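> With the sequence up front, the predicted model follows.
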Amino acid sequence: MSVHKIRMAGIVAALGAVAVLGATTFANGPAITDAGSANTKTAGITLPDKLSPQWRETTVAQGSTALENPSALTSWYGYYNDGPMIPAPGDVQAKGHNVEATKSEPDKNTYLVLKGQHGADPKYDYGTHFLYQGHELGTSVGSYITRINLDADAAHRVTKLAETEADGTTPVPVIDGSTWDPFAQRLLFTTEGGSSGGVVEATLDYPSKVSNLWGVLGQGGYEGIQNDKLGNVYIVEDSGGPAGTVNTHAKQPNSFIYRLLPYDPTNLDAGGKLQVLQVASLEHAGPIVFGSDADADILSADTKDLHTYGHVFKTLWVTIHDTKKDGTAAFDANAAAKKAGGTPFKRPENGVFKPGTGFKTGDTTLTTEAGTSYGGFGTIQELWQDPKSDKGSLRLFYQSDKTHSSFDNITFFDKSQVIAVQDQGDGLHSALNALDSAFIFDALSDYSGGAQPVKVIAEGRDPSATIDSAIGATSGNGFNNEGDNEITGIHESNGDPTADGLLGAAIPKGLGHGWRLFFTHQHGDNVTSEVIPA
């Protein structure tokens with residue numbers, strides 16, 4: 001019986017990355033060598049990305065790329081229609097007056113190879129290679145979903161698939177994660193709205209029909225989402241917990257990992273059983289759960305055990321909602337998970353099956369009292385899971401430190417090499433004088449002895465992000481946009497839309513054999529790039 005292996009990645013406060021000497025060798029290409037030290041953050045200075053010498057990047061779309069079907073909401077890939085793209089000389093940001101349009105922040109990428117897709121122009125051939133995104137930052141009137149038509153000319157390069165749900169009036173919520181469900185034949189998008197968040201499903205072709213799954217998958221601060229080979233849906237929650245009273249720079253774990261066992265994998269609206277992951281304690285009988293005392297949980301023995309090399313934990317999936325018994329009204333999944341004794345983590349982010357799964361966990365400040373021993377800088381962990389079973393096991397794979405931390409999105413590059421990207425935030429960029437980087441890990445390596453990953457991208461900062469950083473530094477001025485560029489949406493796929501294309505069934509081949517690698521420089525100019533061989 002085959003077993004899917006899930007990899008969980010963690011983050012928190014991370015200091016600037018430094019150069020890691022060495023190389024990673026792949027069977028189908030040259031060794032991937034280090035990209036160099038992290039780019040620094042300096043007021044008024046813009047910097048290009050630095051990539052491993054074996055890689056190049058090419059732009060597939062950017063924020064100012066015009067939509068082929070503009071609307072009152074937006075006319076661009078990465079901007080809303082509520083201001084100019086760049087501030088006019090001398091213009092001053094103030095509440096109610098935008099010197100710059102709100103940037104929509106395209107996020108997680110999903111690549112598919114498809115035939116017969118349509119767009120706003122009924123006479124145009126849109127090709128067969130497509131990259132889908134939801135947009136993470138909205139305005140008071142909602143957000144939208146886009147498709148980059150990789151074979152198209154400039155006029156048809158980006159299509160807005162939807163800005164409202166199927167009823168024509170409910171706005172598409174702000175979106176973070178995305179995946180393609182080959183069983184239900186739907187794009188699945190997540191929104192980090194807490195008790196107002198959840199999952200929406202969308203049809204592929206233009207115009208896309210969008211509807212929510214609040215009553216099946218519940219509502220939470222959802223982000224990562226993936227299918228296994230049986231059509232089960234795994235969801236990763238990213239909901240921050242409260243800070244401690246004593247440990248004021250550390251957060252109590254408050255996010256859960258969920259699994260939906262659908263009654264009909266081809267129709268998620270038919271309902272199913274939603275489960276939460278429960279991790280057995282090594283310190284006491286029963287699972288690891290946390291209560292009302294944030295300080296006690298932040299520095300508990302259970303928390304330390306979870307972040308210690310060599311420990312292996314038994315896991316169990318526990319049902320928290322069954323549509324046959326509990327109905328299909330919207331419900332708070334986070335509250336249900338706590339009631340059922342689920343194990344909370346520190347802000348998990350994303351998950352993909354083996355080859356791999358990553359979750360972001362941790363605190364959000366350099367001064368976290370949790371430190372390395374208690375997950376203050378996050379971890380990468382492995383969850384071993386048979387899709388047909390409720391039981392599995394969890395172990396620490398990589399213990400983050402101040403140099404290698406703030407991991408966010410994750411993707412496998414080949415059978416065993418996994419790329420994790422940083423999201424440190426503008427405040428940490430200033431504190432560290434270092435911008436974000438991407439690192440490649442070897443899933444077959446033992447990192448308990450101090451081995452470190454290879455940096456493959458040291459992200460720069462574009463002019464737009466440099467301007468935003470300065471404008472946003474004035475508190476209370478109503479500015480919506482974030483400074484600096486975050487690496488997000490990293491995604492490798494061969495575009496296979498069938499169940500055979502799921503990771504766990506397909507083996508990534510790096511940059512070749514139809515496999516393509518994309519990522520987005522979120523904030524700033526919102527550039528989405530493809531990585532190609534040098």
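Yep, that arrived. Owing to the predicted nature of the structure, the values given are computational and were not obtained by experimental measurement. Residues are numbered from 1 along each chain as shown.

> can you list the residues that contact the lengthiest helix in the chain?
When the chain is parsed with DSSP state H, its longest helix is helix 463-472. For helix 463-472, contacts defined as C-beta atoms under 8 Å, 6 or more residues apart in numbering pick out 41, 43-46, 63, 85-87, 93, 99-100, 426, 477, 479, 481-485, 523-525. C-betas here are computed from N, CA, C, even on glycine.

> Weed out the non-buried ones from those residues.
With burial judged by 16 or more other C-beta atoms under 10 Å, the buried subset of those is 41, 63, 87, 93, 99-100, 426, 479, 481-485, 523-525.

> So which of those residues belong to strands?
If you go by DSSP state E, those have nothing in strands.

> Just flag the most distant two among the residues you listed.
Greatest spacing in the buried ones among the contacts of helix 463-472, by C-beta to C-beta: Lys41 and Val99 (21.6 Å).

> Asn267: which of the buried ones among the contacts of helix 463-472 is nearest?
Gly63 (36.3 Å).

> Contact partners for that closest one?
Contacts of Gly63 (C-beta under 8 Å, 6+ apart): Trp76, Tyr77, Gly78, Tyr79, Met85, Lys103, Ser104, Ser464, Gly524, Asp525, Asn526, Val527.

> again, 6 Å this time
Going by C-beta atoms under 6 Å, 6 or more residues apart in numbering, Gly63 touches Tyr77, Gly78, Tyr79, Asp525, Asn526.

> so which of the residues you listed comes closest to Trp317?
Taking C-beta to C-beta as the measure, Trp317 sits nearest to Asn526 out of the contacts of Gly63, at 37.3 Å.

> Against Gly63, how distant is the closest one?
4 Å (C-beta to C-beta, to the nearest Å).

> if we can go back for a sec, so among the buried ones among the contacts of helix 463-472, where is pLDDT lowest?
Least confident of the buried ones among the contacts of helix 463-472 in the model: Asp426, at 82.

> So that residue is in contact with Asn485, correct?
No. Contact criterion C-beta atoms under 6 Å: Asp426 and Asn485 do not qualify, at 10.0 Å.

> Work out which residue lies at the spatial centre of this protein.
Against the mean C-alpha coordinate of the chain, by C-alpha atoms, centre = their mean, the closest residue is Asn409 at 4.3 Å.

> residue furthest from the geometric center of this structure?
Outermost in the chain, C-alpha atoms, centre = their mean: Gly90 at 36.8 Å.

> so is Glu201 in a helix, a strand, or just coil?
For Glu201, the assignment made with DSSP: H, G, I helix; E, B strand; the rest coil gives strand.

> how about it, what does it touch?
Arg186, Leu188.

> could you redo the last one with a cut-off of 8 Å?
Here Glu201 is in contact with Asp181, Ala184, Arg186, Leu187, Leu188, Phe189, Val210, Ser211, Asn212, Leu213, Leu268 (C-beta under 8 Å, 6+ apart).

> Equivalent analysis for Leu316, please.
Per C-beta under 8 Å, 6+ apart, neighbours of Leu316: Leu277, Gln278, Ala280, Pro287, Asp390, Lys391, Gly392.

> make it 7 Å
Residues near Leu316 by C-beta atoms under 7 Å, 6 or more residues apart in numbering: Gln278, Asp390, Lys391.

> Any of these buried? List them.
Gln278, Asp390.

> Mind putting the contacts of Leu316 into TSV with secondary structure?
As requested, the contacts of Leu316 are exported to TSV (three-state DSSP):
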residue	secondary structure
Gln278	strand
Asp390	coil
Lys391	strand
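
> Can you tell me which of the contacts of Leu316 lies closest to Ser437?
For the contacts of Leu316, the nearest to Ser437 is Gln278 (34.0 Å; C-beta to C-beta).

> for that closest one, what are its contacts?
Gln278 neighbours (C-beta under 7 Å, 6+ apart): Pro287, Thr315, Leu316, Val318, Gly341, Gly342, Thr343.

> now do Phe441
Tyr398, Val418, Ala420, Pro453.

> what secondary structure does it sit in?
strand.

> any idea how far it lies from Ile45?
Relative to Ile45, and taking C-beta to C-beta, Phe441 is found at 30 Å.

> got the end-to-end distance for stretch 431-450?
This stretch, stretch 431-450, spans 25 Å end to end (C-alpha to C-alpha, to the nearest Å).

> That one: how far from the chain's middle?
Centre-to-centre, stretch 431-450 and its host chain are 17 Å apart (C-alpha atoms, centre = their mean, to the nearest Å).

> Check which residues of it are buried.
431-432, 434-441, 443, 445, 447.

> Same question for stretch 96-110.
Applying 16+ other C-beta under 10 Å to stretch 96-110 flags 98-110 as buried.

> Endpoints of it, how far apart?
35 Å.

> ok, now stretch 46-62?
With C-alpha to C-alpha, one end of stretch 46-62 sits 17 Å from the other.
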